[in-house]
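K.L.:
Next one to model:
(one chain, ligands or ions: 2)
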Amino acid sequence: MDRPGHGRRRDLPGPKRGYGLRRAGEELPAGTLLARAGTEINPALVAVFAATGIGHVVVRSSPRVVVVATGDELVDVGRASQPGQVVDANSHALTAAAVEAGAMAYRVGICDDDPEGLRGLLEDQTLRADLIVTTGGTGTGPGDMMRRILSRRDGAVTFQSVALYPGTTLGFGTVGGEEVPIVCLPGEPAAALIGFEVLARPAIQLLAGAEPVFRPSVRAHLLETVPSPAGLREFRPAHVAERRGGGYTVQPLPGGPYTMSGLAEANGLLVLGEKVTTATAGSTVDVLLLDRRR
Ligand SMILES: Nc1nc2c(c(=O)[nH]1)N[C@H]1C(S)=C(S)[C@@H](COP(=O)(O)OP(=O)(O)OC[C@H]3O[C@@H](n4cnc5c(N)ncnc54)[C@H](O)[C@@H]3O)O[C@H]1N2
Ligand code: MOO
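P.N.:
Ligands and ions are numbered 1, 2, ... in the order given. Coordinates of the predicted model:
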């Protein structure tokens, strides 16, 4: 009984008046705005609604996005690839990107460059898709089937070069009687992901009723000189960091705009406008903030 803390009586001061009590309206006083239109509903917000007696809210459901990879050369991941074959990375990456953007995403997988097969597949997918995202076959060669089958139809999909780098060859428009929006991204994997970021992601945000539609951007101090093609707006994987004294710095990642590993590392996209041919170290540039903590 003489172990410390045992068998001895200690008088503690009594609790202050009101201690441990939760008062009505303490956290959210009457009249507080609970959520703005365009807010994504999360579990805690559901709790806030329920606790404040709101049993019903009007929502836009997550858009259904169908992802199709095209190309005779493609094989599914995990299968042995022969010389001349390419493992399909894009349908997986774009499906993940669509989920990250808040969509219900369906990966259809690989479709050969057979015009009838492709037409039929797109027609079928219009029944379940709010947005169709394809990759591959957007070039101007005779075998670039996506451009061939879609640009023939009375202008519903346009492949006029977009001043985007990488991603110049992408197409966009609608397909089928239901006029389902479609974004046709290039086959080159980094170009496909950047094209998705710039064109498809905002479309998903818009379909979801989300606000804001675009990524936030900041002005940042560029740490390394980079060249950029004239006439095209370049989006380049980069690492952005907050400076101690305020503001941001941005470091372009090695490998330029066409790197998957650079994109995997990036927490921002450096934006170099159409008129920029060289962005010099020390200048101030625009950076889109990707939603990744690094
Ligand atoms: N005459 C012209 N030819 C090309 C131009 C041009 O302006 N004029 N632009 C070039 C550029 S830039 C791009 S980008 C490509 C876009 O062409 P495609 O969309 O037809 O791309 P593909 O030929 O289908 O593929 C390019 C490259 O990427 C590989 N690929 C394709 N799909 C996948 C996938 N799902 N996963 C991984 N890798 C994939 C494919 O095997 C090729 O190596 O056009 C240029 N030509
Ligand atoms: O269109 Mo290509 O995507 O510039 O790389």
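K.L.:
Can you find which strand in this protein contains the most residues?
P.N.:
Using DSSP state E to define each element, the chain has its longest strand at strand 233-242.
K.L.:
What lies in contact with the helix or strand just after that one?
P.N.:
Counting by DSSP states H and E, the next helix or strand C-terminal to strand 233-242 is strand 248-252. Applying C-beta atoms under 8 Å, 6 or more residues apart in numbering, the contact partners of strand 248-252 are 218-224, 226, 236-243, 268, 270, 285, 287. The way it works is simple: take the backbone N, C-alpha and C, and place the C-beta from them, glycine included.
K.L.:
go again using 10 Å as the cut-off
P.N.:
218-226, 236-243, 262, 266-270, 272, 279, 281, 284-287, 289 (C-beta atoms under 10 Å, 6 or more residues apart in numbering).
K.L.:
List buried residues within those.
P.N.:
Neighbour counting by 16 or more other C-beta atoms under 10 Å classes 220, 222, 226, 236-240, 262, 266-270, 272, 279, 285, 287 among the contacts of strand 248-252 as buried.
K.L.:
contacting residues around Asp291?
P.N.:
By C-beta under 10 Å, 6+ apart, the neighbours of Asp291 are Glu100, Ala101, Arg215, Pro216, Asn267.
K.L.:
Name the member of those with the most neighbours.
P.N.:
Counting neighbours by other C-beta atoms under 10 Å, Ala101 leads the contacts of Asp291 with 23 neighbours.
K.L.:
Would you mind measuring from it to ligand 2?
P.N.:
20 Å (C-beta to the nearest ligand atom, to the nearest Å).
K.L.:
For the residue nearest to Gly256 when sequence neighbours are not counted, give its distance to Gly209.
P.N.:
Spatial nearest neighbour of Gly256, excluding adjacent residues (C-beta to C-beta, 6 or more residues apart in numbering): Arg236 at 6.7 Å. Going from Arg236 to Gly209 by C-beta to C-beta, to the nearest Å gives 31 Å.
K.L.:
The longest strand of the chain packs against which elements?
P.N.:
In terms of contacts (3 or more C-beta pairs under 10 Å, 6 or more residues apart in numbering; DSSP states H and E), strand 233-242 is packed against strand 164-165, helix 189-195, strand 217-222, strand 226-227, strand 248-252, helix 260-265, strand 268-272, strand 284-289.
K.L.:
now that strand against strand 268-272, angle please.
P.N.:
130 degrees (axes from the mean of the first three to the mean of the last three C-alpha atoms, to 10 degrees).
K.L.:
next one: strand 233-242 to chain centre, how far?
P.N.:
Centre-to-centre, strand 233-242 and its host chain are 15 Å apart (C-alpha atoms, centre = their mean, to the nearest Å).
K.L.:
That strand vs ligand 1: in contact?
P.N.:
No - looking at strand 233-242 against ligand 1 by C-beta under 6 Å from any ligand atom, there are no contacts, and the closest approach is 12.4 Å.
K.L.:
what pairs with that strand, and is each one parallel or antiparallel?
P.N.:
strand 164-165 (parallel), strand 248-252 (antiparallel), strand 268-272 (antiparallel) (DSSP bridges).
K.L.:
how far off strand 284-289 does it point, in degrees?
P.N.:
Using the same axes, to 10 degrees: strand 233-242 against strand 284-289 is 80 degrees.
K.L.:
which ones are touching Met260?
P.N.:
Contacts of Met260 by C-beta under 10 Å, 6+ apart are Ala89, Asn90, Ala93, Glu188, Pro189, Ala190, Ala192, Leu193, Pro237.
K.L.:
circling back: just flag the most distant two among the contacts of Asp291.
P.N.:
Pairwise distances across the contacts of Asp291 peak at 16.5 Å for Ala101 and Asn267 (criterion: C-beta to C-beta).
K.L.:
So which bits of the stretch 51-200 of the chain are right by ligand 2?
P.N.:
Near ligand 2, when you scan the stretch 51-200 of the chain using C-beta under 6 Å from any ligand atom, you find Tyr165, Pro166, Gly167, Thr168, Thr169, Pro186, Glu188, Ala191.
K.L.:
can you pull out the helices in the stretch 51-200 of the chain?
P.N.:
With DSSP state H, counting those that start in this stretch as the definition, the stretch 51-200 of the chain shows helices at residue ranges 90-100, 115-125, 145-151, 189-195.
K.L.:
The last one packs against which elements?
P.N.:
Of the remaining helices and strands, those touching helix 189-195 by 3+ C-beta pairs under 10 Å, 6+ apart are helix 90-100, strand 131-135, strand 164-165, strand 180-185, strand 233-242, helix 260-265.
K.L.:
rewinding a little: out of the strands paired with strand 233-242, flag the one nearest ligand 1.
P.N.:
With respect to ligand 1, and counting by C-beta to the nearest ligand atom, the nearest of the strands paired with strand 233-242 is strand 164-165 at 8.2 Å.
K.L.:
Okay then, goodbye and thanks.
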